[in-house]
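In: Following is a predicted model, sequence given first.
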Amino acid sequence: MSLYNDLTRRGLIAQMSHPDEIRELLDKGGIKFYIGFDATADSLHIGHLLQLITMRRFQIAGHTPFAVLGTGTTVVGDPSGKSDMRKMLDGNTITDNAARFQTQMERFLDFGDGKAQFVRNGDWLLKLNYLEFLRDVGAHFSVNKMLSAECFKARLEKGLSFLEFNYMLLQSYDFLELYRRYGVTFQMGGDDQWSNILAGADLIRRVEADRNGQAYALTFKLLLTKEGKKMGKTEKGALWLDAEKTPPYDFYQYFRNVADADVINCLKLLTFVDIAEIERLEQTLTGAELNSAKELLAYEVTAIVHGADTAAKCRDAAKSVFGGSGENANMPTYQLQDGDLVDGKISVLDLAVKSGAVSSKREARTAAEQGGLSVDGVAATVDTTLDFADTDTLVLRKGKKTFIRIVK
């Protein structure tokens, strides 16, 4: 099957600048494309995963990915999709975050000779002369047109800083630099980046007009629920790709418990399961069979991020827990620390917080009052105190989905 048809059947493509030309180029192979990743955190998250998997699809089809680490653009901060200005980070933090991104990305793409390539946009953006930049690049941008872009319109009522207003110019300049240095002709990204990506393609056509400069813009659907909300938000925050920030079992359980209406969409966007098989499931899947599809989704996504062995362990742990045994070494585990116990005892509320089952004591108290906390299958109250004098392990459960093995 052609790459274009596969992307279309999966519902991945949102917008394209030159539909007919892009379709031909995607199926022909050999294009150089890039996606940018601003280093705003010390780990990639589930929203980035969609981009990485899509890059992998393109690489398998014979195209060359450029992963652009935003060591320059992160200094400014992209206003797209944000209601407030992003937190400003210092240079060392940005550099460290970019290094972590690079390590994580190496699990998804082949960065061997002549394969995918890492580029840091700070290599050129941090050296720019501002006046020359305004003259050579800013002259090609209409303020009226920029203000009509979705990435800016959403912020105008609350306030858009001049710092952020420069972001579109910087991202466009990235595209121009990549075009000149490496022959990159495609920029891709989430659909919230459409205005920025299109501006970059237009800049190349203007600046490189005497050399028939041609550039293309393509965006992908965002990872949203059927209600239009971004996926990847949990009670503990974002769903990270770093195993220390989001344990693999929690990662697995997130997808094992997605809403029924979102299972097929996630299989299409986030896995390499054959599209024909997914379409078959879409037509036939009802009732209890949805559980099988959710297990398939959870296993496939976890295997992509954390490896097949880890995914299998998470699947086995989940089956053990929900099968009633409640004892499995692969379950998320909290090792009691020095000072956790007083005379060998700890309140269930304190344990719930320390183990990460809840984010605060108030949340723990509410869960207990509503019957949402249990220990080894026995409901706990706000006054429950656990005595580890006669036991070295127990299972703390919060709600229907969170199980943590407590070890002395």
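Out: On my side now, so go ahead. No experiment lies behind these values; they were computed from the predicted model shown.
In: Where does pLDDT dip in the stretch 251-400 of the chain?
Out: 287-288, 321-330, 377, 390 (pLDDT under 70).
In: And the top helix by length along the chain, what does it pack against?
Out: In the chain, ranked by residue count with DSSP state H as the criterion, the top helix is helix 289-306. Applying 3 or more C-beta pairs under 8 Å, 6 or more residues apart in numbering; DSSP states H and E, we find helix 289-306 packed against helix 46-60, helix 248-256, helix 263-270, helix 308-322. For every residue, glycine as well, the C-beta is placed using N, CA and C.
In: just so I know, which of those helices lies nearest residue 206?
Out: Ranking the helices and strands packed on helix 289-306 by distance to residue 206, with C-beta to C-beta as the measure, places helix 46-60 first at 26.6 Å.
In: can you pull the buried residues of the next helix or strand after the closest one?
Out: For helix 46-60, the following helix or strand on the C-terminal side (DSSP states H and E) is strand 64-69. For strand 64-69, a neighbour-count test (16 or more other C-beta atoms under 10 Å) marks 64, 65, 66, 67, 68, 69 as buried.
In: what angle separates strand 64-69 from helix 46-60?
Out: Angle of strand 64-69 versus helix 46-60, following axes from the mean of the first three to the mean of the last three C-alpha atoms, to 10 degrees, is 150 degrees.
In: Give me the three-state assignment for residue 127.
Out: coil (DSSP: H, G, I helix; E, B strand; the rest coil).
In: neighbours around it, how many?
Out: Residues within reach of residue 127, counting by other C-beta atoms under 10 Å, total 8.
In: so how far is residue 48 from it?
Out: Residue 127 sits 27 Å away from residue 48, going by C-beta to C-beta, to the nearest Å.
In: for the helix or strand containing residue 102, the distance to its chain's centre please.
Out: Secondary-structure element containing residue 102, defined by DSSP H and E: helix 91-105. Its chain's average C-alpha position is 15 Å from that of helix 91-105, according to C-alpha atoms, centre = their mean, to the nearest Å.
In: and it, average pLDDT?
Out: Per-residue pLDDT over helix 91-105 has a mean of 95.
In: what's the angle from that helix to helix 46-60?
Out: Going by the same axes, to 10 degrees, helix 91-105 makes 50 degrees with helix 46-60.
In: What residues sit buried inside helix 91-105?
Out: Buried residues in helix 91-105 (16+ other C-beta under 10 Å): 94, 95, 97, 98, 100, 101, 102, 104, 105.
In: Closest one to residue 335 out of those, please.
Out: residue 100 (24.9 Å).
In: tally of neighbours for the closest residue to that closest one other than its chain neighbours?
Out: Nearest residue to residue 100 in three dimensions, chain neighbours excluded: residue 42, at 5.3 Å (C-beta to C-beta, 6 or more residues apart in numbering). Counted by other C-beta under 10 Å, the residues lying close to residue 42 total 16.
In: what's the pLDDT at residue 42?
Out: Residue 42 carries a pLDDT value of 95.
In: Am I right that it falls within a strand?
Out: No. When classified by three-state DSSP, residue 42 is found to be coil rather than part of a strand.
In: follow-up on the earlier one: run through who's touching the helix holding residue 102.
Out: 37, 39-44, 52, 67, 69-71, 74-75, 89, 111, 118, 120, 122, 241-242 (C-beta atoms under 8 Å, 6 or more residues apart in numbering).
In: Check which strands are paired with the host helix or strand of residue 14 and give the direction for each one.
Out: Assigned by DSSP H and E, residue 14 belongs to strand 13-16. Its sheet considered, strand 13-16 pairs with strand 216-220 (antiparallel) by DSSP bridges.
In: Just the mean pLDDT for the partner strand, thanks.
Out: Strand 216-220 shows a mean pLDDT of 96.
In: buried sites along it?
Out: 216, 217, 218, 219, 220.
In: Could you point out which of those residues is nearest to residue 32?
Out: Closest to residue 32, out of all of the buried residues of strand 216-220 and judged by C-beta to C-beta, is residue 216, at 10.9 Å.
In: residues in contact with that closest one?
Out: By C-beta under 8 Å, 6+ apart, residue 216 lies in contact with 16, 17, 18, 21, 22, 25, 185, 186, 187, 201.
In: gap between the residue lying closest to the third one once chain neighbours are set aside and residue 112?
Out: Spatial nearest neighbour of residue 18, excluding adjacent residues (C-beta to C-beta, 6+ apart): residue 216 at 5.7 Å. Here the criterion is C-beta to C-beta. By it, residue 216 lies 26 Å from residue 112.
In: next one: residue 294
Out: Per C-beta to C-beta, residue 294 is found 35 Å from residue 112.
In: again, but for residue 130
Out: For residue 130, the distance to residue 112 - C-beta to C-beta - is 38 Å.
In: pLDDT below threshold where in the stretch 101-250 of the chain?
Out: Checking the stretch 101-250 of the chain against pLDDT under 70 turns up 151, 153-159, 210, 233-236.
In: where do the helices sit along it?
Out: Taking DSSP state H, counting those that start in this stretch, the helices of the stretch 101-250 of the chain run over residues 122-125, 130-136, 143-147, 150-156, 162-165, 167-182, 194-207, 248-256.
In: Any of the contacts of helix 91-105 buried? List them.
Out: For the contacts of helix 91-105, buried by 16+ other C-beta under 10 Å: 37, 39-44, 52, 67, 69-71, 74-75, 89, 118, 120, 122, 241-242.
In: All set, thanks.
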